[in-house]
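1. How does the following fold in three dimensions:
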Amino acid sequence: MTQLLRRRVVLSLTTFMLAAPALAQTRRYPDRPVELIVGFAAGGGTDVTARTFARFLERELGGAVVVNNRPGASGEIGLAYVARSRPDGHVMGITNMPGLVSLPIERRAPQFTLNDFEYVANLVADPSAFSVHAASPIRDFADLVARARQAPETISFGSTGVGTDEHLALVLFQAATGVKLVHVPFPGAGPMRTAMLGRQVDVGGLNVGEVAATPSGLRMLVQGGTTRSAFAPDVPTFREAGLDVAMSSERGIVLAKGTPEDVVARLREATAKVAHDPTFQEQCRAQFTELDYLDGPAWRARLAEADTRFRQMWQRQPWAEA
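-> Numbers count the residues shown, from 1 in each chain. Predicted coordinates:
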């Protein structure tokens, strides 16, 4: 190779290397449909939130967002799929708290940890609630406690799985009252609602929004918000009933750890625009969904605090055994 040819090769390589960062910054995202993973069966509050959010996110990203239900193991299967996906922003997950925090604590071989994700934003906080069939002989929350004390382990309680918000609300309720119900897990709120309407379970741990959206045939007894919900103003909180119990289903958006910073930033910006879109907010209200937007860094900090709190709770009473 002549000296002149060597110079030309070096110059070409140098030009390419200098241009590479600029090319990386200008790559198109998304360049194919984005998957939004739901770890529960279709029809529940998480699924409804995901499908509404997906429609608005498509407008912000200029590309398709496809909801993919991967139910099982209290949401662990869906979150594990996100954690193991290629970290390029084309697979997102809608999470549930406390499951996002509680599952790695309770499982002997957890399929993910909090450190396996990039945090886009939290969107929703839907209080947990105890409900019964409209024709149930259980009149109110006090009656539930009285009946459970008179006949321990005869009243069944449905949830969407071990470590979910409804199940942990049950654990806290049992610890506060000393009563014992029979826990019956389901793969999602939709199947559990069907079982409640068919009177296959006595009490269901649906969220406030899930009951308020389809009130026919169900009656809410108590809910886990810190204050009464605008969607169920006549339903008391656990605290009003004298129990130090508060529990909600927080729903947020995560990506696999290692997703490029520019993609994370793009999705955070797009999600913030969706969350503050008046039309999106109106549709959420129509679906009885309580919004609780929190940006990625602030949400991650809140999850760290929750992780400490639930680890302390696990030491006192391992809920997988409750």
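
2. Assign residue 200 to helix, strand or coil.
-> coil (DSSP: H, G, I helix; E, B strand; the rest coil).

3. wait, residue 185 sits on residue 160?
-> Yes: between residue 185 and residue 160 there is a contact at 7.1 Å, judged by Cβ atoms under 8 Å. For every residue, glycine as well, the C-beta is placed using N, CA and C.

4. Compare neighbour counts for the two and give me the winner.
-> Using other Cβ atoms under 10 Å as the criterion, residue 185 and residue 160 rank with residue 160 on top: 34 against 18.

5. any idea how far the more buried one lies from residue 88?
-> 30 Å (Cβ to Cβ, to the nearest Å).

6. With residue 309 instead?
-> According to Cβ to Cβ, residue 309 and residue 88 sit 33 Å apart.

7. Counting neighbours, go ahead and name the busier of those two.
-> Neighbour count, other Cβ under 10 Å: between residue 309 and residue 88, residue 88 has more, with 17 against 12.

8. did I read that right, the more buried one in a helix?
-> No: using three-state DSSP, the assignment for residue 88 is coil, not a helix.

9. show me the contacts for it.
-> Contact analysis of residue 88 by Cβ atoms under 8 Å, 6 or more residues apart in numbering lists 259-260, 263.

10. Same list (the residues you listed) but as JSON lines, adding secondary structure.
-> JSON lines is the format used below for those (three-state DSSP):
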{"residue": "259", "secondary structure": "coil"}
{"residue": "260", "secondary structure": "coil"}
{"residue": "263", "secondary structure": "helix"}
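
11. can you list the residues you listed in CSV and add neighbour count and pLDDT?
-> Shown next, in CSV, are the contacts of residue 88 (neighbours: other Cβ atoms under 10 Å; pLDDT from 0 to 100):
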residue, neighbour count, pLDDT
259, 22, 98
260, 17, 97
263, 18, 97
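
12. any idea which of the residues you listed is closest to residue 302?
-> For these, the closest approach to residue 302 (Cβ to Cβ) belongs to residue 259, at 20.5 Å.

13. Assess the claim that that closest one and residue 86 are in contact.
-> No: at 9.2 Å, residue 259 does not count as touching residue 86 under the criterion of Cβ under 8 Å.

14. quick one: low-confidence parts of the stretch 51-200 of the chain?
-> In the predicted model of the stretch 51-200 of the chain, no residue satisfies pLDDT under 70.

15. Show the average pLDDT along stretch 305-322.
-> Per-residue pLDDT over stretch 305-322 has a mean of 85.

16. If you count neighbours, what's buried in it?
-> 306-307, 310, 313, 319, 322 (16 or more other Cβ atoms under 10 Å).

17. Residues in contact with the helix or strand containing residue 56: which ones?
-> With secondary structure defined by DSSP states H and E, residue 56 is part of helix 45-61. For helix 45-61, the surrounding residues in contact (Cβ under 8 Å, 6+ apart) are 29-30, 34, 36, 38-41, 64-67, 69, 94, 96, 123-124, 126, 188-190, 207, 209-210, 213, 249, 251, 253, 266, 270-271, 273-274, 277, 279-280, 283-284, 287, 289.

18. Put the alpha carbons of that helix into CSV.
-> Provided in CSV are the C-alpha atoms of helix 45-61 (Å, rounded to 0.1, in the frame of the first residue of the first chain):
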residue,chain,number,x,y,z
GLY,A,45,-57.4,-2.1,35.6
THR,A,46,-53.8,-2.5,34.5
ASP,A,47,-54.9,-3.7,31.1
VAL,A,48,-57.4,-0.9,30.7
THR,A,49,-54.7,1.7,31.6
ALA,A,50,-52.2,0.2,29.2
ARG,A,51,-54.6,0.2,26.3
THR,A,52,-55.6,3.8,26.9
PHE,A,53,-52.0,4.9,27.3
ALA,A,54,-50.9,3.1,24.2
ARG,A,55,-53.3,5.0,22.0
PHE,A,56,-52.0,8.3,23.2
LEU,A,57,-48.3,7.3,23.2
GLU,A,58,-48.7,6.3,19.5
ARG,A,59,-49.5,9.9,18.7
GLU,A,60,-46.4,11.2,20.5
LEU,A,61,-44.0,8.6,19.1
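
19. Spit out the contact partners of the residue nearest the centre of the chain.
-> For the chain, residue 96 is the residue whose C-alpha lies nearest the centre (Cα atoms, centre = their mean; 1.9 Å). Residues near residue 96 by Cβ under 8 Å, 6+ apart: 39-40, 46, 75, 164-165, 249-251.

20. Let's see that with 10 Å instead.
-> 38-40, 44-46, 74-75, 78-79, 102-103, 124, 126, 160-161, 163-165, 207, 249-252 (Cβ atoms under 10 Å, 6 or more residues apart in numbering).

21. is it in a bridge, and if so with what?
-> When bridges are called by DSSP bridges, residue 96 pairs up with residue 251.
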